[in-house]
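[1] Everything below, folded, please.
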Amino acid sequence: MRVQHSMACDELPNNKPYWNYEDIGIFFLVLVLIGFVLRLLVRFHLLARSDLSNPSVLLQFLVIASLSLALYLVLKLRHHRPVLRPLGWIWPRPVYVLISLTAGPLLAVGVAFYLRYSHRSTPQIGLTDLLFLGLFLGPILEESFFRGCLLPLLAETTGSICSVILTALLFALLHQPADLVHWLSFTATGVAYGWIRTASGSTFASSVSHATYNIVVILLVAR
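    Alright, predicted model coming up:
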C-alpha cells in the first residue's frame, strides 16, 4: 500500500513553480517584440495593414507557435528543468475530464444565449480557423501561460482564490474586450478555467474546457 501511494504521488507534478516573475517579464518582452516586428513588416510593405486587424490563419499560426516556443525556451534555458509536466500538462483524473468536457459547452451556451438575446454576433470563422486556432493552438498557448505558468506563481503570493481571479482579469484584458459584456464573459470563463486547473492540477483539463467553449460558442453565435 505504501508503495502504491508513493507511486501515485510521484505521478503528480510539483505544484510549486520553479519559475519567477522575471520569466513572466521576459515572455511579455517577446510578445512586445513580435508585435514590433509585425508593425515593422507593415511599415516596409511586407505585410498588409489589414493583416494586423484581420490576420490570416497562417499568420496567427506563426504568432501562436512563436509565443508557445518562446514560453518553453524561457523556462528551459533559464532553469534547465522539465517544462511540460510542471506547467500542468498531465492527464487529470476522469472526474475532471468529465467536468472539463461539460463546463466548456455550458459556459458557451450561456454566453451564446445572451449574445443572441442582445442581438450581438461574433465574426464568422472558417473551419480551418476553428480547428487549428479555436480547438488546438489558442487554448494550448493561453492555458500554458495563464493557467499553467502564471496562476501557480500568483497563488504563492496571493493565494488560490485571488490567483484565479487575477489571472482571469488579465486573460480578459489581453483579449481586448470591446465592452462590459465581453469583459464579463472573458473573466467568467477565465475564472472557470482557473478553478479547473487548480482543482485538477492539470492544464490539460482547463485546455479541454477552453477548446470546447471556443467551438460551441462559435457554432452557436457566428452567423
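[2] How about V111, nearest residue that isn't a chain neighbour?
    S185 (5.0 Å; Cβ to Cβ, 6 or more residues apart in numbering). No exception for glycine: its C-beta is placed from N, CA and C like everyone else's.
[3] Now do the same contact list for that neighbour.
    Residues near S185 by Cβ atoms under 8 Å, 6 or more residues apart in numbering: 111, 114, 177.
[4] centre of the chain versus the host helix or strand of it, how much separation?
    According to DSSP states H and E, S185 maps onto helix 180-200. Offset of helix 180-200 from its chain centre (Cα atoms, centre = their mean, to the nearest Å): 10 Å.
[5] Quick one: name whatever helix or strand follows that helix.
    helix 203-221.
[6] Tell me the helices and strands packed up against that next one.
    helix 94-117, helix 138-142, helix 180-200 (3 or more Cβ pairs under 8 Å, 6 or more residues apart in numbering; DSSP states H and E).
[7] one more time with 10 Å
    Using 3 or more Cβ pairs under 10 Å, 6 or more residues apart in numbering; DSSP states H and E as the contact criterion, the elements in contact with helix 203-221 are helix 94-117, helix 138-142, helix 151-158, helix 180-200.
[8] Got the phi and psi for the nearest residue to P92 once chain neighbours are set aside?
    Spatial nearest neighbour of P92, chain neighbours left out: S202 (3.7 Å); criterion: Cβ to Cβ, 6+ apart. Note on S202: backbone dihedrals following degrees, to the nearest 10 are phi -130, psi 120.
[9] what about S202, how many neighbours?
    26 (other Cβ atoms under 10 Å).
[10] what does the one 10 residues further on give?
    Neighbour count of T212, defined by other Cβ under 10 Å: 22.
[11] Quick one: residues contacting the residue nearest to it when sequence neighbours are not counted.
    Leaving aside its sequence neighbours, T212 sits nearest to G104 (Cβ to Cβ, 6+ apart; 3.2 Å). G104 is in contact with 139, 189, 192-193, 196, 206-217, counting by Cβ atoms under 10 Å, 6 or more residues apart in numbering.
[12] go again using 8 Å as the cut-off
    208-214, 216.
[13] do I140 as well
    68, 207.
[14] mind redoing it with 10 Å?
    I140 touches 64-65, 68, 89, 148, 203-204, 207, 210-211, counting by Cβ under 10 Å, 6+ apart.
[15] Can you report how many residues neighbour V95?
    Neighbours around V95, by other Cβ under 10 Å: 11.
[16] just the one 5 residues further on next, same as before
    Other residues within reach of S100 by the criterion other Cβ under 10 Å amount to 26.
[17] before we move on, back to that, isn't the residue nearest to P92 right up against V95?
    No. In this structure S202 lies outside contact range of V95 using Cβ atoms under 10 Å: 11.4 Å.
[18] Number of residues surrounding W19?
    With other Cβ under 10 Å as criterion, W19 counts 22.
[19] Just the buried subset of the contacts of I140, please.
    By neighbour count, with 16 or more other Cβ atoms under 10 Å, those hold 64, 68, 89, 148, 203-204, 207, 210-211 as buried.
[20] ok, now how distant is S207 from E143?
    4 Å (Cβ to Cβ, to the nearest Å).
[21] Find residues that contact each of the two.
    With Cβ under 10 Å, 6+ apart as the test, S207 and E143 both reach 88-89, 193, 196-197.
[22] That concludes my questions; thank you for your assistance.
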